[in-house]
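**Student:** Let's see this in three dimensions:
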Amino acid sequence: MKSHARNSRPTSNRGRLIATALALTAVVAAVSVWLWQRNSSADGSDSAHLPTANAALAGPQGGNAGALSALDKTFLTKVRQAGLWEMPAGRLAQTHASSEAIKRAGMHLLEGHSKLDQLAREDSEALNVPIPDQATAEQQGWVDQLKNAQGREFDQLFVDLLRASHGKIFITIGEVRATTKNSMIRRLATQTNNTVQDHMDVLEDTGLVTDATLNDVASTIPK
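**Tutor:** Take a look at the predicted model:
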């Protein structure tokens, strides 16, 4: 029994030492957390102010990656205005065309530009870049021409106007996609490229694209 009593004291001491060490560790940890919170509040770097994934990508436009160039802003305007006249043109094709191929092309215009227009408006708001609510005077004039045409005359005019317009913007899309520093504009350019390619395909499927139209597009390419 005496031997057992002698052995129990060191064990008790070790237990007290371990408990004391754990208590000190807890105190140090609590103090460290308190100091971190105090310093974080002072310099604005607490968890409430840590950058989110989107903020990490933020540029001068407030939450969207990369600076905007003048060409980027012009491109947003061009995409918006393209839809503002090509969607009415697509609707006219359903009532004025004599060819099912033209009506089909018109439906592609309606569907493609509806999606692009929504994307352009969303990007405009996110990037704080104003875009117009009307097509250009020239584009409105094209719609008026289409309204006054019927049958085969409409078919040829529709293809002439739309294939030339798509060919010219196709050149701009390539420049924007290759040079933009902004991820939202890059996405828009990619989607626009796919849509315009589809529209050129269905216009060419009509068999009405002329050399004169292609020469007109070629004349706009910088030498």
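**Student:** Domain-wise, how is this protein divided?
**Tutor:** For the chain, automatic domain parsing gives the domain ranges 2-50, 70-218.
**Student:** can I get the ones you listed in JSON lines with mean neighbour count and mean pLDDT?
**Tutor:** Every residue, glycine included, has its C-beta placed from N, CA and C. Shown next, in JSON lines, are those (neighbours: other C-beta atoms under 10 Å; pLDDT from 0 to 100):
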{"stretch": "domain 2-50", "mean neighbour count": "10", "mean pLDDT": "45"}
{"stretch": "domain 70-218", "mean neighbour count": "18", "mean pLDDT": "96"}
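**Student:** what's the first-to-last distance across stretch 89-109?
**Tutor:** 8 Å (C-alpha to C-alpha, to the nearest Å).
**Student:** Touching that stretch from outside, list them.
**Tutor:** 86-87, 110, 113, 142-143, 146-147, 149-152, 154-155, 158-159, 161-162, 198-199, 202-203, 205-207 (C-beta atoms under 8 Å, 6 or more residues apart in numbering).
**Student:** so what's Ala189 up against?
**Tutor:** Ala189 touches Phe75, Ile173, Val176, Arg177, Thr180, counting by C-beta under 8 Å, 6+ apart.
**Student:** re the thing from before, narrow the contacts of stretch 89-109 to those in helices?
**Tutor:** Counting by DSSP state H, those place 86-87, 110, 113, 142-143, 146-147, 151-152, 154-155, 158-159, 161-162, 198-199, 202-203 in helices.
**Student:** Work out which residue lies at the spatial centre of this structure.
**Tutor:** Nearest residue to the geometric centre of the chain (C-alpha atoms, centre = their mean): Met184, 3.5 Å.
**Student:** Enumerate every residue touching that one.
**Tutor:** Per C-beta under 8 Å, 6+ apart, neighbours of Met184: Asn64, Ala65, Asp123, Ala126, Leu127.
**Student:** ok, these vs Ala137, which is closest?
**Tutor:** If you rank the contacts of Met184 by distance to Ala137 using C-beta to C-beta, Asp123 comes first, at 24.6 Å.
**Student:** about what we covered before: which pair in the contacts of Met184 has the greatest spatial separation?
**Tutor:** Ala65 and Asp123 (12.4 Å).
**Student:** all helices in the protein, in order from the N-terminus.
**Tutor:** Using DSSP H, helices in the chain cover 2-43, 53-56, 70-96, 100-127, 137-147, 151-179, 183-204, 211-218.
**Student:** quick one: the third one to helix 183-204, angle?
**Tutor:** Counting by axes from the mean of the first three to the mean of the last three C-alpha atoms, to 10 degrees, helix 70-96 lies at 30 degrees to helix 183-204.
**Student:** quick one on the thing from earlier: as CSV, the contacts of Ala189 with distance to Thr220 would be great.
**Tutor:** Shown next, in CSV, are the contacts of Ala189 (distance: C-beta to C-beta, whole Å):
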residue, distance to Thr220
Phe75, 16
Ile173, 13
Val176, 16
Arg177, 18
Thr180, 21
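**Student:** from these, which two are the most distant?
**Tutor:** Greatest spatial distance in those: Ile173 and Thr180, 10.6 Å, computed using C-beta to C-beta.
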